[in-house]
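Chemist: sequence and predicted model, in that order:
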Amino acid sequence: MKIYLIPGLGYDERIFKNLDFQEFNVECINWTEPKQNETLHDYSIRIFENKQNGIENIILIGHSLGGIVSQEIATNYKIEKIILLSSIKSDEENPLHFRILKPLGIYKIFTKELCIRTVKYWGNKHGFETDEDKTLFKSMLSKQTNTYLKWALKELAIWKSPTLPSSTMLIQISGEKDKNFPIKLIDKPNYIIEKGNHIMCYKQPEKINEIILNEIKNGI
């Protein structure tokens, strides 16, 4: 069995650092630069190339946009289970504040410099409550390019959920206080984390860890 972690938009492997996967074989797939005019589907397939390598049982754990990418990967590769953390399983769950980014061209004005400078104003509502949280966010986002950031926001805005193979199990863990993907738009998530925000896998690791380990072991 192999577990692949895929972080959310602008994040890296550190968003998962408080989770304990015990003895399981785990690898994080961090973001790379998209090719010109590359779709999210094609990008997802490309970053997973050579990751299967004859492995029978693969579990993808995707945070936020990483959960969306996980679903795209599963349309092309044999994936046993996808665990969504603070993510969506359908474009119908995608809130208006993301869907308008492309038609209004708003995604074009987003830069990592803007996000880093303004996190002190919006960070608390999205889980970055302490100076340590905000410093981590700035460090993760600073590794990304503005080309990637604008591309990812545009692709998120226009994403249409794919049809997953019947053999792929989808598990959705949503936060009660998630401002990015509000719980009111999520249709019957498998788990709802009380007071969980968008980075609950980092802020409330004990609750998330228990669920993830149970889900992993259920597939053994």
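Modeler: Received the coordinates, thanks.

Chemist: look up how far Lys89 lies from Ile212.
Modeler: Distance, Ile212 to Lys89, using CB to CB, to the nearest Å: 17 Å. Placement of C-beta: from N, CA and C, glycine included.

Chemist: more crowded one of these two?
Modeler: Higher neighbour count among Ile212 and Lys89: Ile212, with 25 against 22, using other CB atoms under 10 Å.

Chemist: wait, a helix at that one?
Modeler: Yes. When DSSP: H, G, I helix; E, B strand; the rest coil is applied, Ile212 is found to be in a helix.

Chemist: what does the helix or strand that contains Glu206 contact?
Modeler: Per DSSP states H and E: Glu206 is located in helix 205-218. Identification of contacts with helix 205-218 by CB atoms under 8 Å, 6 or more residues apart in numbering yields 1, 3, 18-22, 24, 59, 61, 81, 83, 85, 171, 173, 191, 193, 196, 200-201.

Chemist: strands - which of those residues land there?
Modeler: 3, 59, 61, 81, 83, 85, 171, 173, 191, 193 (DSSP state E).

Chemist: for Lys160, give me its contacts.
Modeler: Asp91.

Chemist: all helices of this structure, in order?
Modeler: In the chain, the helices defined using DSSP state H lie at 40-47, 65-74, 96-99, 112-122, 131-142, 146-158, 200-203, 205-218.

Chemist: averaged pLDDT, the longest one. What do you get?
Modeler: Okay, so that is helix 205-218. Regarding helix 205-218, the rounded mean pLDDT is 93.

Chemist: just give me how far it sits from the chain centre.
Modeler: On the basis of CA atoms, centre = their mean, to the nearest Å, helix 205-218 sits 17 Å off its chain's mean C-alpha point.
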